[in-house]
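Colleague: What shape does this take:
(4 chains)
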Number of protein chains: 2
Amino acid sequence: MPAARQKLLNAALAVIRTKGYSATTVDDLCAAAGVAKGSFFHHFKSKEALAVAAADYWSEITGALFAAAPYHTHADPLDRVLGYIDFRKSLLAGKVPEFTCLVGTMVQEAFETCPPIRDACGASITGHAAKVEADLAAAMTRYGLRPDWTAESLALHTQAVLQGAFILAKATGSAAVAAASVDHLRRYIELLFKPTSLKKRGHT
Amino acid sequence: MPAARQKLLNAALAVIRTKGYSATTVDDLCAAAGVAKGSFFHHFKSKEALAVAAADYWSEITGALFAAAPYHTHADPLDRVLGYIDFRKSLLAGKVPEFTCLVGTMVQEAFETCPPIRDACGASITGHAAKVEADLAAAMTRYGLRPDWTAESLALHTQAVLQGAFILAKATGSAAVAAASVDHLRRYIELLFKPTSLKKRGHT
DNA sequence: TGACTTATACCGACTAGTCGGTCTATTTTC
DNA sequence: GAAAATAGACCGACTAGTCGGTATAAGTCA
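Modeller: Predicted coordinates for the structure are as follows:
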């Protein structure tokens, strides 16, 4: 991948997560990437095209991050799910724009006005959720669950909690609020799969 | 309140929820409100000031909506909480911009670049959560819970789930996905307060 | 009562500056 | 030396905000 393109995509992750998509100008991105405007339009035919490419790039980057995470080594699929949640919680560090989600931010601005961006963001979220769903489905089998909810809906719920936690963090300026919400998500899944194990801890 | 100001605030709710804050122009708002540009700057000293006023207006509107909702009549505070959640779920109808949250949308764009907007959005969310927290705290007392989580964190978690559900709805174009996430939230709260009642339903 | 003053609401043309995107020229790479 | 990559001046459309002005209604003084 040409250097300027790579630098522009990395700049897009940082700048858009900080300012949002609409407020980010092409000149902002060029300045952050240390690249001239001509290079921008050489690699991307429009600002919108960059946004789509950035969403795909985000899927790549995060896909690699989670693929390399240690929780996959657990034999019990439920432990993998809980390990995933713990891993997500551990990422809630640093400044808010550093741990929040690019596609969650962009889809809020683009869902109605720009279908290509919305679809790229949607694919990023649902694609990630599908990986969680696989472990959840395995855990449901392992633990003999026959619930009135699906692995898919629970996997999407994990993403909803995380996206919502990011909004709380943005609104309060505190990563701790987001972490507390992730704790509730973990507790929920433990209650679903091991209803008795937590009862004594959380209930008198 | 002068007519033009009122019309501009109502226009702001609709337009900003559809296009986002940055992508919404002052001319957009004037056109949607059927008002001239001079009137806009007569009532609001800047676009940013309108956003702050719109967030406060949103708090008023939604405050009145929830205050008038029927779930407050339940004697059991847990029933009020669950009634609140059912009410939130019932609102997930129509087109996406009609049921999503103004301040959740705006804070994503403004949290880093515009503290006044961020604070107004934050106050709207935490103020709403505080009302849920009151019923949650009463329910914890009623049900004799001594958990390692707080009513405040759980109240904020309800808002996280709702905000995240909105993002899923925007990404997928489906209100049903959001509703499924709200179902998970309801199930979590039932499990926390009545751990045995659902065990037989969701677990073989 | 009727002329004058004040205050608020509303209007839309206008401006100074910004934005996405284009164009042509130069440099780098193979 | 051809093709790809980079550069930045440039352009027309657009945007937030300004400005001079009109309309209406309520005091206020003779």
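Colleague: Looks like A:Leu29 contacts A:Val15 (just checking).
Modeller: Yes. Using CB atoms under 8 Å, A:Leu29 is in contact with A:Val15, at 6.0 Å. C-beta here means a position set from N, CA and C on the backbone, and glycine is covered the same way.
Colleague: what about stretch A:87-103, start to end distance?
Modeller: 19 Å (CA to CA, to the nearest Å).
Colleague: List the contacts of the residue lying closest to A:Leu91 once chain neighbours are set aside.
Modeller: Closest residue to A:Leu91 apart from its sequence neighbours, by CB to CB, 6 or more residues apart in numbering or on different chains: A:Phe99 at 5.5 Å. Shown in contact with A:Phe99 (CB atoms under 8 Å, 6 or more residues apart in numbering or on different chains): A:91-93, A:166, A:169, A:175.
Colleague: again, only this time at 10 Å
Modeller: Neighbouring residues of A:Phe99 by CB atoms under 10 Å, 6 or more residues apart in numbering or on different chains: A:17, A:88, A:90-93, A:165-166, A:169, A:175, A:178.
Colleague: average pLDDT for stretch A:97-110?
Modeller: Throughout stretch A:97-110, pLDDT has a mean value of 97.
Colleague: Can you give the domain ranges for chain A?
Modeller: A:1-44, A:48-202 (automatic domain parsing).
Colleague: so which of the ones you listed is the most packed in?
Modeller: Here the criterion is mean neighbour count by mean count of other CB atoms under 10 Å in any protein chain shown, and of the domains of chain A the winner is domain A:48-202, at a mean of 20.
Colleague: Please state the offset of it from the chain centre?
Modeller: Taking the mean of its C-alpha atoms, domain A:48-202 sits 6 Å from the chain's own mean (CA atoms, centre = their mean, to the nearest Å).
Colleague: is any part of it close to DNA strand D?
Modeller: No. Judged by CB under 7 Å from any atom of the strand, domain A:48-202 stays clear of DNA strand D, getting no closer than 11.6 Å.
Colleague: Determine if any part of that domain is in contact with DNA strand C.
Modeller: Yes. Judged by CB under 7 Å from any atom of the strand, domain A:48-202 comes into contact with DNA strand C at A:Glu48.
Colleague: Please enumerate the helices of chain A.
Modeller: Secondary structure of chain A (DSSP state H): helices at A:3-19, A:26-33, A:37-43, A:47-67, A:77-90, A:96-99, A:102-110, A:115-142, A:151-172, A:175-193, A:199-202.
Colleague: Show me what the fourth one is packed against.
Modeller: In other words, helix A:47-67. helix A:3-19, helix A:26-33, helix A:37-43, helix A:77-90, helix A:102-110, helix A:115-142 (3 or more CB pairs under 10 Å, 6 or more residues apart in numbering or on different chains; DSSP states H and E).
Colleague: Tell me which of the helices of chain A sits nearest to B:Leu50.
Modeller: helix A:102-110 (17.9 Å; CB to CB).
Colleague: Quickly check: that closest one near chain B or not.
Modeller: Yes. Using CB under 10 Å from any CB of the partner chain, helix A:102-110 reaches chain B at A:103-110.
Colleague: From those, pick the one nearest DNA strand C.
Modeller: Ranked by distance to DNA strand C (CB to the nearest atom of the strand), the residues of helix A:102-110 next to chain B are led by A:Glu109 at 12.1 Å.
Colleague: So that closest one versus B:Ser22, what's the distance?
Modeller: From A:Glu109 over to B:Ser22 the distance is 7 Å, taken as CB to CB, to the nearest Å.
Colleague: Identify the contacts common to those two.
Modeller: Shared contacts of A:Glu109 and B:Ser22, counting by CB under 10 Å, 6+ apart, come down to A:20-23, B:109.
Colleague: Determine which two of the residues you listed are furthest apart.
Modeller: Taking CB to CB, no two of the shared contacts of A:Glu109 and B:Ser22 sit farther apart than A:Tyr21 and B:Glu109, at 8.4 Å.
Colleague: where do the contact lists of the two overlap?
Modeller: With CB under 10 Å, 6+ apart as the test, A:Tyr21 and B:Glu109 both reach A:105, A:108-109, B:20, B:22-23.
Colleague: Switch those over to JSON lines; also include distance to B:Val182.
Modeller: Converted to JSON lines, the shared contacts of A:Tyr21 and B:Glu109 look like this (distance: CB to CB, whole Å):
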{"residue": "A:Thr105", "distance to B:Val182": "22"}
{"residue": "A:Gln108", "distance to B:Val182": "19"}
{"residue": "A:Glu109", "distance to B:Val182": "24"}
{"residue": "B:Gly20", "distance to B:Val182": "24"}
{"residue": "B:Ser22", "distance to B:Val182": "29"}
{"residue": "B:Ala23", "distance to B:Val182": "28"}
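Colleague: now for the residues you listed, which pair is the farthest apart?
Modeller: A:Thr105 and B:Ala23, at 13.3 Å, using CB to CB across the shared contacts of A:Tyr21 and B:Glu109.
Colleague: and for those two, which residues touch both?
Modeller: Common contacts of A:Thr105 and B:Ala23, defined by CB under 10 Å, 6+ apart, comprise A:20-21, B:109.
Colleague: A:Ala120: what's it in contact with?
Modeller: A:51-59, A:103, A:106-107, A:110, A:114, B:171.
Colleague: low-confidence ranges in chain A?
Modeller: A:1, A:197-204 (pLDDT under 70).
Colleague: In it, what residue comes closest to DNA strand D?
Modeller: Closest point on chain A to DNA strand D, by CB to the nearest atom of the strand, is A:Gly38, at 2.1 Å.
Colleague: picking that back up, go through the shared contacts of A:Thr105 and B:Ala23 and say which is closest to B:Val161.
Modeller: Using CB to CB, B:Glu109 is the member of those that lies nearest B:Val161, at 21.4 Å.
Colleague: Excluding chain neighbours, what is closest to that closest one?
Modeller: A:Gly20 (3.8 Å).
Colleague: next one: A:Val103
Modeller: Looking at A:Val103 with CB to CB, 6+ apart, the closest residue is A:Cys121, at 3.8 Å.
Colleague: That neighbour reaches A:Phe111, doesn't it?
Modeller: Yes. The criterion here is CB atoms under 10 Å, and A:Cys121 meets it with A:Phe111 at 8.0 Å.
Colleague: Thank you, goodbye.
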